Structure formats: C-alpha cells, structure tokens
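Chemist: no sequence on this one, just coordinates:
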C-alpha cells in the first residue's frame, strides 16, 4: 500500500507509514482543519471484500471510541472512502514495549511494575464496560519518553456480553505467545484472558523471553495449553521468590486461579519484595575467588581448613591400620588371595581422598549469612512439574570446594552446533559471539548499545554498574584475563548513607562509596576478596568512555571505558558466573 503516501482520505493527508499488523496498516497523517498529526489505521483493500472482516473492523472502531481512559489510545474518527475503511486515532510519541525489550533486554522490576500498573488500569476500565481486548502484547503497548504507557489496538475487542460471534468457527484471534490456554483451545473467553496476556508481558519484561516458544504456532499453542512455564529465577536468579510467585500466578492455566483483576495483580506485585542489595547465590561450578595476599581465608562462621586436613589424615591412618591388620591376620577367608601391600595402600588412599572430598563439599554446602540470597518470601511450592527447556539451569546452593584461582576455560569450549537464532548479532561483538555462541546463546537484540555506567578498580578486580539494568557486578580479575564474578541489584538509592560501613583504608587505597560501597560492605568490607579500591569510582557514557553492552540468552558482552581504547571486552557467562576478557 505504498501508493497511500500523499493520498487524501477525507480531512486527512497521509504523509508516512508507521507500522503494519495482521489486520491493518497504520499511517501518519495531517489533519489541516485542526492543524494536528494523527494516526490512521487502514484496512488493506483486498480485505475490504470480506464483509465479515469489514464488519469486525467497523465494530472495533465503535467499541474503542466508547473508551475514555488516560492509558487507552483515543479514537477520533472512523471513515469509509473510495472503498477504503479507516480509523483515525491520536498519534503517540515514543516506542512500543516490543521495541524497548528488543533494544534493552530484560527490564528492572520497578520499570516493569510501572508499565503493568498502567496497562492493568486500562484493562480494568475496559473490562468493567464489557470489553475484552484479546490481543494484549508488547507491540500493542506504547511507552512514551516520560514513561506514560498507552494500550492500543482494540482490534479484536467485542462486548463480552454480546452473543453475536464475528469470527469464523475454529478461527483463533490473537498472538500465539500471549494467548491464554482457553483462547488457544478455541473456547469462549472472558476478561481473564487479557490478565493472562498481561502476565506473559510481565514475564517477558523481567527475563527477556516469553514463557512458551516454538518453531511453529502449533508448537507454541501446545506448550501454552499443556506445558508449565519455566521458573523465572532459573533464567534471572536475582529475582525474588515473591516476584516469581506473582508472575506464575498471573499466567496460571486455570482462569479461576489467576488474579481476577488488574488491580489485584498490581497490588500483589507491589507487595512482593524486590531484590535489594543482596548477592546472587554462587553457582555450583564456581567456587570462591581467591582472597587477597595477607588476608585471612577463613569464613566468618569459623570453619577452618586445617580441621578438614586433620580429619583427612585421621581417615587415612585409620584406613591403613585396618588394611595392615587384615594383611597380618591373613584376612577372614583362608582361600582368599591377600591383596598386595601396594594395592591395599592405593585403595586406602583412594577411600581417604573420597572421604575428605566429601567432607569439603559438605562444609562448603552450608551457606554463610553473606552467601544466602535474602528474600522476604519463600519460594512457592508447586506440584506442577517443570517443563523441558533449553534455558540454562539455575544456580544451586551447593558449592564446589574453593579453588586457588577461578577458571573459565573448561566452561567455554564449544561442544555442539548451536540451534539457529532468529537473527545474528551485528556490530562490534559479532566475531566474539561466534567464538562463544554455544555458551551465550542467541542475542536478545541485534546491535550492541551504548550505555551509562560506573566503574571502579580494586586490588583484585573491578566493580561495574550498568545503568540500563541497575546491576552492580563484582569482577574478580587479579590481573588475569578470566575469572569469576558476582551480581547485585538494588544496591543503593537516594537517601542512603555515602558509606555503608566504617573502615580505615591503608595509604594509597580508598573505601568505595554509595552503591559500590554497599556491595563492598556486604562482601566483608576490609576482608572482602576484591580488596580495597585503588581510586574513586567514575562514571562514563556515550561520548565519554563509550561503554557498550549486548545481552544474550545466557550472558552478555560488555566493553568498559578501558576496553574502548585497548580493544578488549568482557564476556560474562551467567550460568557459571564466570568471564573471559578478549579482543573483539
């Protein structure tokens, strides 16, 4: 419909195209009589011959024009001219939520909550008037530069109380990823199908992917109906159990078990504890980073490595005594061939090693106060089995014994041909992704983005803060090009003290402040493995240091201000909480 540009439809002159959907094309148009720009939704000519489709299109205009809510797009006019059916709407400035997520990936909980709150208010308003949207999805949610959110495209809305069926039998209206189970089954739906779709939108905002995916619409719908959604904290471990419980209830397969209004969903979301200044649980294959030279390696709970060494020696001595006794006594069976002494000693040593390893694992599996992820709500119990998923396994509470140096090499060896991605990454990190694509997974958006960040060097690494997701990262480098890291969120806000704990830095060192200071104090302050700060934190952004980031399914690539000049970037692997630093 490119020939529509420049065409006059009644009082409106079409000046450009804004977007296309399955039902219509939306244009930007100028209304001279009121000296304003508007959006015009035009039905494609070939669909104008489908009388049933035209009737649905006209019904949309009449239904949506009755809705007056600050978070619902305003309908100005409806018309039919020269065989073209069109609706005139207010022109919205900003981006769709779909564009935001494609560009930024997962969103902070606070931002997602603000968006849900506004959409939920719009849906409750429409539901009270008997309307069901039936196609709530990010492409139909518009977010302005000031954060104001508008729900658009009541394209399949109909009065819930109206008996007339405008769609063909068996024809499913909606987008598969956001369709409720009852909608996917083709049965009659009510307002709760919109609340389910809003729950899926919330899921997407928090973890950067929808709960049910597939290569075909049929595969997606099968998962929607029969498969449980992957737990959010398996994908984004820093989310609190309370937030996860709210989202999973919102997308329950049974309508009666979901929230029964948008207001109820928002209230539960706001009451759920956010992740505030707490460490993510250390994964099983990571181990603790090395302590700085001269600092004690004992944990605060008093566990001593020497105790386990003595225990292991005792086990070895006991084992040797038993074996020697058996050898001297000739064993319990006179016909049995005695083991040669070398064999007996080898077996005993192997048993002792296994026992000592088991003791170390048991000791490290008991988390200390600083290792436990703090949450005000327990993880919800559920009888629903987890669906098979390609999503990486979540971190566990059982940690491996500490190693002398954190390593990442074994984790990052490609093992198999990765499944094709929807699109390959573009720009600066494309070649680096080719090396680690099996570990990183697919990109969440095509091009790296410039962000604002804060950076501070330490004795044994760095701390970084990303403004785009409000995460602080503690990177244990100690001069190496690989190592481990920890992630924190919600570490500092206005009104918090500049220093979170009392400390006296040695000459030439600094105590970190504000957000980095809160993390440092939580890690143990002066005894923290990251050490003291080498200089004060500094902020960077586009045109000043040019920090760059690109998010992937299972990690991200990050270039700090130093990387801009030396051509190095960090590759962070989320499942193992390890990293490498390489040329890009």
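Modeler: Received, thanks. Model, not experiment: these values are computed from the prediction. Numbers count the residues shown, from 1 in each chain.
Chemist: Tell me where the model's unsure across the stretch 251-400 of the chain.
Modeler: The model of the stretch 251-400 of the chain has pLDDT under 70 over residues 274-400.
Chemist: mind running it again at 80?
Modeler: For the stretch 251-400 of the chain, the stretches flagged by pLDDT under 80 are 273-400.
Chemist: Also the stretch 101-250 of the chain?
Modeler: 154-174.
Chemist: Could I get the phi/psi values of residue 126?
Modeler: Main-chain torsions, residue 126, degrees, to the nearest 10: phi -70, psi -40.
Chemist: From what I see, it and residue 71 are in contact.
Modeler: No: using C-beta atoms under 8 Å, residue 126 is not in contact with residue 71; the gap is 10.0 Å. C-beta: built from backbone N, CA, C; applies to glycine.
Chemist: how close does residue 87 get to residue 58?
Modeler: Distance, residue 87 to residue 58, using C-beta to C-beta, to the nearest Å: 9 Å.
Chemist: what touches both of the two?
Modeler: Counting by C-beta atoms under 8 Å, 6 or more residues apart in numbering, the shared contacts of residue 87 and residue 58 are residue 78.
Chemist: More neighbours: those two, which one.
Modeler: Shown here are residue 87 and residue 58; by other C-beta atoms under 10 Å, residue 87 has more neighbours (24 against 15).
Chemist: in the sheet, who's paired with the residue lying closest to residue 477 once chain neighbours are set aside?
Modeler: With C-beta to C-beta, 6 or more residues apart in numbering as the criterion, residue 477 has its nearest non-adjacent residue at 4.1 Å, and that residue is residue 461. In this structure, residue 461 bridges to residue 458, residue 476 when assessed by DSSP bridges.
Chemist: where's residue 461 relative to residue 114, distance?
Modeler: 34 Å.
Chemist: cool, residue 425 as well?
Modeler: Counting by C-beta to C-beta, the gap from residue 425 to residue 114 is 29 Å.
Chemist: Tell me which of the two has more neighbours.
Modeler: The neighbour count for residue 425 versus residue 114, taken as other C-beta under 10 Å, is higher for residue 425 (24 against 17).
Chemist: wait, doesn't that one sit right on residue 550?
Modeler: Yes: when contacts are counted by C-beta under 8 Å, residue 425 is listed as touching residue 550 (6.2 Å).
Chemist: quick one: common contacting residues for the two?
Modeler: The contact lists of residue 425 and residue 550 share 433, 443, 447-448, where a contact means C-beta under 8 Å, 6+ apart.
Chemist: need the contact list for the spatially closest residue to residue 501 that is not a sequence neighbour.
Modeler: Counting by C-beta to C-beta, 6+ apart, residue 501 lies nearest to residue 521, which is 3.8 Å off, once chain neighbours are set aside. For residue 521, the contact set (C-beta under 8 Å, 6+ apart) comprises 500-501, 503.
Chemist: Next: residue 516.
Modeler: Residue 516 neighbours (C-beta under 8 Å, 6+ apart): 454, 456, 463, 465, 472, 491, 533, 537.
Chemist: State the helix or strand in which it lies.
Modeler: For residue 516, the host element (DSSP states H and E) is helix 514-522.
Chemist: following that helix, which helix or strand shows up next?
Modeler: strand 538-540.
Chemist: helices and strands around that following strand, which ones?
Modeler: Packing partners of strand 538-540 (3 or more C-beta pairs under 8 Å, 6 or more residues apart in numbering; DSSP states H and E): strand 453-458.
Chemist: Residues contacting the strand it packs on, please?
Modeler: 462-467, 512, 515-516, 530-541, 545, 547, 560-561.
Chemist: now it and helix 514-522, what's the angle there?
Modeler: 40 degrees (axes from the mean of the first three to the mean of the last three C-alpha atoms, to 10 degrees).
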